[in-house]
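Engineer: Mind looking at a prediction? Sequence and model below.
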Amino acid sequence: MNLRLARLPLLLLAMLTLLAAMWAGLLRMGWRWPPLQPTLPINHGPLMVSGFFGTLISLERAVAVGKRWAYLAPLFSALGGLLLIFGAPGLPGPLLLTLGSAWLVAIFLGFLRSHPADFTLVMTLGAASWLVGSLLWLAGRPVYQVVSWWAAFLVLTIAGERLELGRVLRPTPAIRRLFSLAVAVYLAGLLLSFFHLDLAVRLTGLGMLGLALWLVPNDVARRTLRQSGLTRFIAASLMSGYFWLGLSGLLNLAFGALPAGPRYDAALHAVFVGFVVSMVFGHAPIIFPAVLNLAIVYRPFFYAPLLLLHASLLLRIAGDLGGFLPLRQWGGLLNAIAILLYFAMLLISRFLFRGASIHREVA
């Protein structure tokens, strides 16, 4: 089997899952649109985290490994997401998503053995957090009890990647210890969730705030923000994302564990939309060419969806915290439009500007 031929279908399945997850999220916010199938709204979180982000990250790792067995991770998560989209009853969908997370842990353990380092360990812990959250969800725990584990999957994976790229700045041992301290606080909060959920959420919030405060001055993106073109766009996406990571940490510190409601929505989507989607915006012009072997041409209009994402998220969180439902709903709808607009612009840049110079800088 040509591994390159397997990448496009997996990426398309991930994008289909993203569309379904956003549709489900808008239904949960009160937009009266056809639900496609009755269980779609309740699967918004698993579809977004495991079906989309899980498939995307697993596919990126599989490409890096370059072995057929590694592609089972994105295949399991993509198929699991597909079953949730179409409302397949019972355990097959959650089980496949859990298998995908377990396979990604195996991939990272291989990286850890061959490249033992603090950043590899942090990314492995991120994958393990996805697995723990998936196992808890598979066992019947409600999403609000496991979502901290799913968030940790994305936060730790991204933080580990940024720590790896930050080696060019040669951080001192003291600076690296501060990073380790923030990760340790974050992990302590996750483990505490088995015993005292409210205190655990507050402690994970402190860890997230610590990571944001570490990343802002120590990420290489702080320096590349002064450059131009794609490099600057990537840096702007990352640095703006760290604001939302810190805000999510503050909201978790302030509110603690919540089963639902506007405050829950604000704390959750500050990290998943504000932080994680900003990271996707910044890394997509690099990840997509690596996965599909297709170059992306940078254009200044990439900033339009990034600005719309942040402005609409401010509206959404203002609606959440101010108790103004229409503002929250419109903010959520514009979040989805910003994401769709960004991926549409990537396609436009690929097919309309193929003759232009190609930028492949890494922030």
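Structural biologist: That came through fine. Residues are numbered from 1 along each chain as shown.

Engineer: so what's the spatially closest residue to Gly246 that is not a sequence neighbour scoring on pLDDT?
Structural biologist: The shortest distance from Gly246 to any residue other than its chain neighbours is 3.4 Å, reached at Ala212 (Cβ to Cβ, 6 or more residues apart in numbering). Just so you know, the C-beta spots here come from the backbone N, C-alpha and C atoms, and that holds for glycine as well. Here the pLDDT value assigned to Ala212 is 97.

Engineer: Ala212 reaches Leu250, doesn't it?
Structural biologist: No - at 9.3 Å, Ala212 does not count as touching Leu250 under the criterion of Cβ atoms under 8 Å.

Engineer: The two: which has the busier surroundings?
Structural biologist: Ala212 (24 against 16; other Cβ atoms under 10 Å).

Engineer: Which secondary structure elements does the strand or helix carrying that one sit against?
Structural biologist: Element membership for Ala212, per DSSP states H and E: helix 197-218. Packing partners of helix 197-218 (3 or more Cβ pairs under 8 Å, 6 or more residues apart in numbering; DSSP states H and E): helix 143-165, helix 173-192, helix 229-255.

Engineer: any low-confidence regions in this protein?
Structural biologist: Scanning the chain with the threshold set as pLDDT under 70 gives 1-4, 350-363.

Engineer: Nearest the middle, which residue of it would you pick?
Structural biologist: Per Cα atoms, centre = their mean, the C-alpha nearest to the average position across the chain is that of Val276, at 3.9 Å.

Engineer: That one and Thr124, how far apart?
Structural biologist: Applying Cβ to Cβ, to the nearest Å, the value for Val276 to Thr124 is 19 Å.

Engineer: now swap in Ser180 and tell me
Structural biologist: 14 Å.

Engineer: So for the two, which sits in the more crowded spot?
Structural biologist: Neighbours were counted for Ser180 and for Thr124 using other Cβ under 10 Å; Thr124 has more, 21 against 14.

Engineer: Touching, that one and Leu109? I think so.
Structural biologist: Yes - between Thr124 and Leu109 there is a contact under Cβ under 8 Å: 6.3 Å.

Engineer: name the element Pro94 belongs to?
Structural biologist: Judged by DSSP H and E, Pro94 forms part of helix 92-114.

Engineer: can I have that helix written out in PDB, keeping just the CAs?
Structural biologist: C-alpha atoms of helix 92-114 as PDB (Å, rounded to 0.1, in the frame of the first residue of the first chain):
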ATOM      1  CA  PRO A  92     -18.200   0.400  18.500                       C
ATOM      2  CA  GLY A  93     -17.700   4.200  18.000                       C
ATOM      3  CA  PRO A  94     -16.300   4.900  21.500                       C
ATOM      4  CA  LEU A  95     -14.200   1.700  21.400                       C
ATOM      5  CA  LEU A  96     -12.600   2.700  18.100                       C
ATOM      6  CA  LEU A  97     -11.800   6.200  19.400                       C
ATOM      7  CA  THR A  98     -10.300   4.600  22.500                       C
ATOM      8  CA  LEU A  99      -8.200   2.300  20.300                       C
ATOM      9  CA  GLY A 100      -7.000   5.300  18.300                       C
ATOM     10  CA  SER A 101      -5.800   7.000  21.500                       C
ATOM     11  CA  ALA A 102      -4.100   3.700  22.700                       C
ATOM     12  CA  TRP A 103      -2.300   3.400  19.400                       C
ATOM     13  CA  LEU A 104      -1.100   7.000  19.600                       C
ATOM     14  CA  VAL A 105       0.300   6.300  23.000                       C
ATOM     15  CA  ALA A 106       2.200   3.400  21.400                       C
ATOM     16  CA  ILE A 107       3.600   5.700  18.700                       C
ATOM     17  CA  PHE A 108       4.800   8.200  21.300                       C
ATOM     18  CA  LEU A 109       6.300   5.500  23.500                       C
ATOM     19  CA  GLY A 110       8.400   4.500  20.400                       C
ATOM     20  CA  PHE A 111       9.500   8.200  20.000                       C
ATOM     21  CA  LEU A 112      10.300   8.300  23.700                       C
ATOM     22  CA  ARG A 113      12.500   5.200  23.500                       C
ATOM     23  CA  SER A 114      14.400   6.400  20.500                       C
END
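
Engineer: next one: that helix to chain centre, how far?
Structural biologist: Computed by Cα atoms, centre = their mean, to the nearest Å, the chain-centroid distance of helix 92-114 equals 16 Å.

Engineer: between the helix or strand following it and helix 92-114, how many degrees?
Structural biologist: Downstream of helix 92-114, the first helix or strand assigned by DSSP H and E is helix 118-138. Going by axes from the mean of the first three to the mean of the last three Cα atoms, to 10 degrees, helix 118-138 is angled at 160 degrees with respect to helix 92-114.

Engineer: chain center to helix 118-138, what's the gap?
Structural biologist: 13 Å.
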